[in-house]
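> dropping the sequence and predicted coords here.
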Amino acid sequence: MIDVEMPQMGESIVEGTLTKWLKKPGDKVERDEPLFEISTDKVDTEIPSPAAGTLAEILVEEGKTVGINTVVGRISDASGSSATPSVAALAAAVAPPPPAHSVGQSDGASHVDTAPAPAPDTGTVVEETAGPLSPLVRKMARENNIDLSRVKGSGLGGRITKQDLEAYLSGQTTGETGTAVAPVSAPRPIPAPPPQQAPVRVPAPAPVPSREQAAVSPSAPATMPGAPPAMRVEPMSIMRQKIAEHMTFSKHTSAHVTTVHKCDMTKVAKLRDKLKGSFQAQYGFGLTFLPFMVRAACAALREYPLVNASIEGTNIIYHRDINLGIAVALENGLIVPVIRNADEKNIVGLQRSIVDLATRARSRQLRPDEVTGGTFSITNFGSFGSIFATPVINQPQVAILGIGAVQKEPVVIEDAIAIRSTAYLALTFDHRLIDGALGDQFTAKVKSILENWSEEVM
């Protein structure tokens, strides 16, 4: 048997959520064929099979969050005698996970215990048994010594949420869908129901709204049977949770300041219009404004290296390489793949890298090392029609350049009105390290390169 493990997805990543198995127990699998999908705080991606053979066991179910190097399944070697998984193995693979019964049991361990699980000691933290736990929930459970087997999850599939733990800590009960468990007490005798009588056809009185209901909506109509619910609640995806945590952390870490410069893009726009047809025919992908912006930003970063730096405590880390992150919008999130040594690429090379990274990001094919190690970022919100915005810094970087839509408009040139293609460049920088003068000098350099473009493209 060959163990299939949760891979190491970057230096700072210690766990991942197995979101989907692409094979079933008993299915044949080739080496490097996609086997399952995972989601981390850095990337959502497919994990290839480490060997050819037959998927014999699934040890970690879909939706489960486990630490790196945890065995999530097993593959029988193609040359081995156990090409077909045993009945017990298949049963273990498809059976729901057994309740957690002891402290320290590995998330990925396959264990069956016929003896009843002993009750955990007071203050013991038990791993989840219904749905994955978010890092925040696990942290709260550890810090407060909460026995998670006593907490009823209100999330999708019984998932335990932050609100469930807060309700548990407050000792409240919330009925059938509540999250806290009331202290156990002696059962009260339940009186026998009165004998049923023949129904009497008397019109039921109209329900009297409570004082709270009347205060909130005194004239609100009653909900009719079968009417659609007033709201829909679903848990955030792992990616959305990580985006929320990362953006909140950045906003409360860096002293954000944004400077906006208006840039005349006429030269670049005319050059692009002239070349985009032959460019598409020769290279197989289109020519956009973004590689020009990246090329100009790289030149400015070489002149102002502090913008390419990062902060570590009270130290300034100067990065030798320019690894430029490009924000890519996904269907339900955002990811920032990195073009390494971007300053060494020309327009063709930059456009090729942008198209490749964006395409693989949207098809969940990025490798973990392709979304880490960035030293500066660019976000092109102009592709959605936005004129300018104030982007949030991508930690641990100290600046991010936002690019608005390129639009034609009338401008004054030497006391005359002319039609020019313009765009707004918005640089958000960390004022702890970068002063306003430096931020403006950097953005002015980017603007000057674009307005006076002279580099050959093809």
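Alright, I've got the coordinates.

> what ranges does the stretch 151-300 of the chain have for its strands?
For the stretch 151-300 of the chain, applying DSSP state E, counting those that start in this stretch gives strands covering 256-264.

> got any ranges where it has weak pLDDT?
155-157, 159, 172-228 (pLDDT under 70).

> what ranges do the helices span in it?
In the stretch 151-300 of the chain, the helices defined using DSSP state H, counting those that start in this stretch lie at 162-170, 211-216, 238-251, 266-283, 290-303.

> just name the most buried of those.
With neighbours taken as mean count of other CB atoms under 10 Å, the helices of the stretch 151-300 of the chain reach their highest mean count in helix 290-303, at a mean of 22. C-beta: built from backbone N, CA, C; applies to glycine.

> helices and strands around that one, which ones?
Other elements packing on helix 290-303 under the criterion 3 or more CB pairs under 8 Å, 6 or more residues apart in numbering; DSSP states H and E are strand 324-326, helix 347-362, strand 376-379, strand 399-403, helix 436-451.

> helix or strand: which one has residue 141?
Following DSSP states H and E, one finds residue 141 within helix 135-144.

> now residue 364
Element membership for residue 364, per DSSP H and E: none, as it lies in no helix or strand.

> how close does it get to residue 295?
29 Å (CB to CB, to the nearest Å).

> same question, residue 389
Distance from residue 389 to residue 295, by CB to CB: 22 Å.

> got it, and residue 446?
10 Å.

> related to what we said a few turns ago, so of the helices and strands packed on helix 290-303, which one's packed in deepest?
strand 399-403 (a mean of 27).

> ok, it: who's next to it in the sheet?
Using DSSP bridges, strand 399-403 pairs in its sheet with strand 376-379 (parallel), strand 416-430 (antiparallel).

> got a markdown table for those strands, with mean pLDDT and distance to residue 69 too?
Output for the strands paired with strand 399-403, formatted as a markdown table (pLDDT from 0 to 100; distance: least, CB to CB, whole Å):
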| stretch | mean pLDDT | distance to residue 69 |
| --- | --- | --- |
| strand 376-379 | 97 | 31 |
| strand 416-430 | 97 | 35 |
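
> ranking those strands by burial, who's on top?
strand 376-379 (a mean of 24).

> can you tell me what sits against that strand?
290, 293-294, 297, 301, 307-308, 322-327, 336, 391, 393-394, 397, 399-403 (CB atoms under 8 Å, 6 or more residues apart in numbering).

> let's go with 6 Å and repeat that
308, 324, 325, 326, 327, 336, 391, 394, 397, 400, 401, 402 (CB atoms under 6 Å, 6 or more residues apart in numbering).

> swap in stretch 450-458?
263, 264, 267, 268, 275, 296, 347.

> kindly report the same for stretch 259-271.
Contacts of stretch 259-271 (CB under 6 Å, 6+ apart): 292, 388, 406, 420-427, 439-440, 443, 447, 450-451, 453.

> what about residue 61, neighbour count?
Look at residue 61: counted by other CB atoms under 10 Å, it has 15 neighbours.

> that one in helix, strand or coil?
Following DSSP: H, G, I helix; E, B strand; the rest coil, we place residue 61 in the coil state.

> per-residue confidence for it?
Residue 61 is assigned a pLDDT of 91 by the prediction.

> same thing with the one 4 residues further on?
Confidence per residue is given as pLDDT, and for residue 65 that number is 87.

> residue 287 touches residue 280, doesn't it?
No - assessed by CB atoms under 6 Å, residue 287 is found out of contact with residue 280, at 7.1 Å.

> mind listing the shared neighbours of these two?
Counting by CB under 6 Å, 6+ apart, residue 287 and residue 280 have no contacts in common.

> and for residue 452, the neighbour number?
9.

> repeat that for the one 5 residues further on.
One way to gauge burial is a neighbour count; for residue 457, by other CB under 10 Å, it gives 19.

> name the element it belongs to?
Per DSSP H and E, there is no helix or strand for residue 457.

> tell me the bridge partners for the nearest residue to residue 361 once chain neighbours are set aside.
Closest residue to residue 361 apart from its sequence neighbours, by CB to CB, 6 or more residues apart in numbering: residue 328 at 4.5 Å. For residue 328, the beta-bridge partners under DSSP bridges are residue 335.

> count of residues packed around residue 328?
21.

> ditto for residue 320
For residue 320, the neighbour count with other CB under 10 Å is 8.

> swap in residue 50?
16.

> next one: the one 3 residues further on
Neighbourhood size, residue 53 [other CB under 10 Å]: 22.

> so residue 32 sits against residue 47, correct?
No - judged on CB under 6 Å, residue 32 makes no contact with residue 47 at a distance of 10.3 Å.

> between the two, which is the more surrounded one?
Neighbours per residue, other CB under 10 Å: of residue 32 and residue 47, the larger number sits with residue 47, 19 against 11.

> after the helix or strand containing that one, heading C-terminal, what element do we hit next?
For residue 47, the element it lies in under DSSP H and E is strand 44-48. Going down the chain from strand 44-48, the next helix or strand is strand 53-58, by DSSP H and E.

> what strands line up against that next one, and which way round?
Strand 53-58 has the following strand partners under DSSP bridges: strand 28-29 (antiparallel), strand 71-77 (antiparallel).

> got the ones you listed as a markdown table, with mean pLDDT, mean neighbour count and distance to residue 355 columns?
A markdown table is the format used below for the strands paired with strand 53-58 (pLDDT from 0 to 100; neighbours: other CB atoms under 10 Å; distance: least, CB to CB, whole Å):
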| stretch | mean pLDDT | mean neighbour count | distance to residue 355 |
| --- | --- | --- | --- |
| strand 28-29 | 93 | 16 | 30 |
| strand 71-77 | 91 | 22 | 33 |
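
> put together a markdown table for those strands, with distance to residue 431 on each row.
Formatted as a markdown table, those follow (distance: least, CB to CB, whole Å):
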| stretch | distance to residue 431 |
| --- | --- |
| strand 28-29 | 52 |
| strand 71-77 | 44 |
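
> tell me how this protein divides into domains.
Annotated domains of the chain cover 2-94, 135-177, 254-451 [automatic domain parsing].

> between the ones you listed, which one is nearest to residue 242?
Nearest to residue 242, of all those, is domain 2-94, at 3.7 Å by CB to CB.
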